[in-house]
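A.B. asks: pasted the sequence and its predicted model underneath.
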Amino acid sequence: MAELVDVQGTVIGVGLLAAVALLAVGTFLSETVLGVDTLTLAFWVLAGTFAVISVLHAWVGQYNFAWAHGGAAFGWGLVLVGTTGFQVFLGVVLLVLSGAYIALLSRRVTRGGPSE
């Protein structure tokens, strides 16, 4: 678990730094990179970060965390590619539910409770 926490922190850090760098480029240099809005690219980076964390948790057998982070990644994807208000709403609901589940699991693990 300790190795996973170190890798998870690194993945989150790299993902957030990449997203912030894209936002800085969009703010100070150019609003688009290769014709795509930098805000949209930053959100895709966040979705990719959740997907990578999901794969890492699945790799070490923590399937509850893997499903939770995968749900968050899918929620970001729905928000980003949603063409109707319902699809975007569904993505936001999935993000909120996944985030709540991640918080619940994290709290349970830090208190030494049962986990997969």
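C.D. replies: Thanks, I have it.

A.B. asks: show the backbone phi and psi for the nearest residue to residue 95 once chain neighbours are set aside.
C.D. replies: Closest residue in space to residue 95, ignoring its immediate chain neighbours: residue 75 at 3.8 Å, by Cβ to Cβ, 6 or more residues apart in numbering. No exception for glycine: its C-beta is placed from N, CA and C like everyone else's. Residue 75 adopts backbone torsions of phi -60, psi -40, taken as degrees, to the nearest 10.

A.B. asks: isn't residue 75 right next to residue 88, touching?
C.D. replies: No - proximity of residue 75 to residue 88 does not meet the contact threshold set by Cβ atoms under 8 Å, at 10.1 Å.

A.B. asks: who's more crowded, the two?
C.D. replies: The neighbour comparison of residue 75 against residue 88 (other Cβ atoms under 10 Å) goes to residue 75, with 22 against 15.

A.B. asks: give me the pLDDT for the more buried one.
C.D. replies: On the pLDDT scale, residue 75 is placed at 96.

A.B. asks: what's the answer for residue 80, then?
C.D. replies: Note on residue 80: pLDDT of 94.

A.B. asks: that one is in what secondary structure piece?
C.D. replies: helix 63-81 (DSSP states H and E).

A.B. asks: how much distance is there from stretch 55-64 to the middle of the chain?
C.D. replies: Relative to its chain's centre, stretch 55-64 lies at 15 Å (Cα atoms, centre = their mean, to the nearest Å).

A.B. asks: again, but for stretch 88-102
C.D. replies: Computed by Cα atoms, centre = their mean, the chain-centroid distance of stretch 88-102 equals 11 Å.

A.B. asks: can you check stretch 72-80 too?
C.D. replies: With Cα atoms, centre = their mean, you get 9 Å for stretch 72-80.

A.B. asks: can I get it as CSV, trimmed to CA atoms?
C.D. replies: Extracted C-alpha coordinates of stretch 72-80, given in CSV (Å, rounded to 0.1, in the frame of the first residue of the first chain):
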residue,chain,number,x,y,z
ALA,A,72,-14.8,9.7,-11.9
ALA,A,73,-12.8,9.4,-15.2
PHE,A,74,-15.9,8.3,-17.0
GLY,A,75,-17.9,11.2,-15.4
TRP,A,76,-15.3,13.7,-16.7
GLY,A,77,-15.6,12.1,-20.1
LEU,A,78,-19.3,12.5,-20.1
VAL,A,79,-19.0,16.1,-19.1
LEU,A,80,-16.5,16.8,-21.8
